[in-house]
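K.L.:
predicted coordinates and the sequence they were generated for:
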Amino acid sequence: VGAIPAGLPPVQIGSFHIFPSSIDQSSLLQLLLSCVPIALIGFTEAITIAKTSAKVCDGDVNSVHENNEMFALAACNAFTSWVSICEQVRK
């Protein structure tokens, strides 16, 4: 197996490419049609968990705002997509 390095690798900003240059329109359409349901399921799951947690903790389900949840999910996804810590682990 070899030696295991101590600590975590440094956090670095990864490269940012929205789409590869070789993608065609039919592949892009398939990609978008696949992404929309996955995003909706993830958002629904996050809202359900937030409302259940709010009900258990303080009993007020109305304290969860869907817009804030969507913004938080978008911010987390954007941050984690640009931080390439996994590339450092593979090297």
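P.N.:
Arrived safely. Residues are numbered from 1 along each chain as shown.
K.L.:
by mean pLDDT, which helix or strand of this protein comes out lowest?
P.N.:
helix 85-90 (a mean of 52; mean pLDDT, DSSP states H and E).
K.L.:
where's the residue nearest the centre of the chain relative to Ala54, distance?
P.N.:
Nearest to the geometric centre of the chain sits Asn77, at 3.3 Å (C-alpha atoms, centre = their mean). To Ala54, Asn77 is 22 Å away according to C-beta to C-beta, to the nearest Å. Backbone N, C-alpha and C define where each C-beta goes, glycine included.
K.L.:
rewinding a little: using the three-state scheme, assign the residue nearest to the centre of the chain.
P.N.:
helix (DSSP: H, G, I helix; E, B strand; the rest coil).
K.L.:
use 260 as the first number from now on
P.N.:
Got it, the first residue is 260 from now on, which makes the last one we talked about Asn336.
K.L.:
now do it, the pLDDT please.
P.N.:
At Asn336, the pLDDT value in this model is 78.
K.L.:
residues contacting it?
P.N.:
Under the criterion of C-beta atoms under 8 Å, 6 or more residues apart in numbering, Asn336 has no contact partners.
K.L.:
and it, how close does it get to Glu304?
P.N.:
From Asn336 to Glu304 the distance is 14 Å (C-beta to C-beta).
K.L.:
before we move on, what about Gln284?
P.N.:
31 Å.
K.L.:
try Ile282
P.N.:
Distance from Ile282 to Glu304, by C-beta to C-beta: 29 Å.
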